[in-house]
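**Q** Quick one: sequence plus predicted model below, questions after.
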Amino acid sequence: MEYIYSALLLHSAGKEINEENVKKVLEAAGVTVDEARVKALVASLEGVNIEEAIKSAALPAAAPAQPAAQPTEEKKEEKKEEEKKEK
């Protein structure tokens, strides 16, 4: 996660997200840098609009639909009422 956070930190600071800057942020945070992960991160973020990605990730999910009323329960209640009336 620290690799992603370093990219977000660079983005919020208005700095270019490249291998050198990501390494600097990670080293400043005391993280042992894995060169392959840095390269993969920078390559995967190439061409990505980070602002749009943040906005789309922050959108709330639609609330699930309410389950339909159970008609079987109503029928049981009606039968009980009919039995009471017959007695």
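**A** Now that the structure is in, tell me what you want to look at. Residues are numbered from 1 along each chain as shown.

**Q** Distance-wise, check residue 46 relative to residue 52.
**A** 15 Å (CB to CB, to the nearest Å). C-beta here means a position set from N, CA and C on the backbone, and glycine is covered the same way.

**Q** Okay, now the unreliable bits of the chain?
**A** Scanning the chain for pLDDT under 70 picks out the ranges 61-87.

**Q** what ranges do the helices span in it?
**A** Ranges of helices in the chain, per DSSP state H, are 2-12, 19-28, 35-45, 50-58, 71-86.

**Q** List the contacts of the shortest one.
**A** Residues outside helix 50-58 that contact it (CB atoms under 8 Å, 6 or more residues apart in numbering): 7-8, 11, 17.

**Q** Take these and write them to a markdown table, including neighbour count and distance to residue 41.
**A** What follows is those, written out as a markdown table (neighbours: other CB atoms under 10 Å; distance: CB to CB, whole Å):
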| residue | neighbour count | distance to residue 41 |
| --- | --- | --- |
| 7 | 21 | 6 |
| 8 | 14 | 11 |
| 11 | 16 | 12 |
| 17 | 19 | 8 |
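
**Q** Nearest to residue 59 among those?
**A** Among those, residue 8 lies closest to residue 59 (CB to CB), at 17.6 Å.

**Q** ok, how many other residues are close to the residue lying closest to that closest one once chain neighbours are set aside?
**A** Closest residue in space to residue 8, ignoring its immediate chain neighbours: residue 50 at 7.5 Å, by CB to CB, 6 or more residues apart in numbering. Other residues near residue 50 come to 14 when the count uses other CB atoms under 10 Å.
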